[in-house]
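> Following is a predicted model, sequence given first.
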Amino acid sequence: MLKKIPKAILILVFLALVALQFIRPQKNNGSYESVAYFEAETKPSETVAAILRENCYDCHSDRTQYPWYAEIAPFSLWLNDHIEAGKSHFNVSEWNKYSVTKKEHKLEALVEMIENEKMPLKSYAIIHGNLSQNERKILLQWAGLMRLQYKHQLEVSFR
């Protein structure tokens, strides 16, 4: 009886994994232009834009470039959860809908996350690599300049 329990559990786990393959979350396949407004307004240098494309846009825009394992459950579900969570906090594809105050706040959060090395997520960095200290410095400088511009816009609008 004891030998049948582990075998039964293994069979149930296997069947559950097979069944999960039929659950397909909707892909985050917006257009590549979905970041155009953000880039036009924030004017990142080519270096900053490359860092954002390679490390941020997959989870923080309406366009994700999926890795091969995104077709396999439970990874597909896990990735979908991360993308939806990332977009709920900061979505560059929604930048044109944000107020100036919200834009400044989002950049403040970006700075905080990078300074505290909370972004990119460790689970993302394990597979895709982490930001170098130089890349962090470049992003922080750019985000700091953008925050100053938005703060200035706010000051001018309150006069």
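On my side now, so go ahead.
> Could you use CA atoms for every contact and neighbour count after this?
Fine.
> where does the protein have low pLDDT?
Applying pLDDT under 70 to the chain flags residues 1-4, 20, 31-32, 159.
> Spatially central residue for it, please.
Nearest residue to the geometric centre of the chain (CA atoms, centre = their mean): C59, 2.3 Å.
> so where do the helices sit in the chain?
4-20, 36-42, 46-55, 57-60, 75-89, 100-115, 122-128, 133-157 (DSSP state H).
> Highest mean neighbour count out of those helices?
Comparing the helices of the chain by mean neighbour count (mean count of other CA atoms under 10 Å), helix 57-60 ranks first with a mean of 24.
> out of everything not next to it in sequence, what's closest to the residue nearest to the centre of the chain?
Nearest residue to C59 in three dimensions, chain neighbours excluded: I83, at 4.4 Å (CA to CA, 6 or more residues apart in numbering).
> how about the one you found, what does it touch?
Neighbouring residues of I83 by CA atoms under 8 Å, 6 or more residues apart in numbering: 58-60.
> mind giving me JSON lines with the residues you listed and columns for distance to E46?
Below are the contacts of I83 laid out as JSON lines (distance: CA to CA, whole Å):
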{"residue": "D58", "distance to E46": "18"}
{"residue": "C59", "distance to E46": "20"}
{"residue": "H60", "distance to E46": "18"}
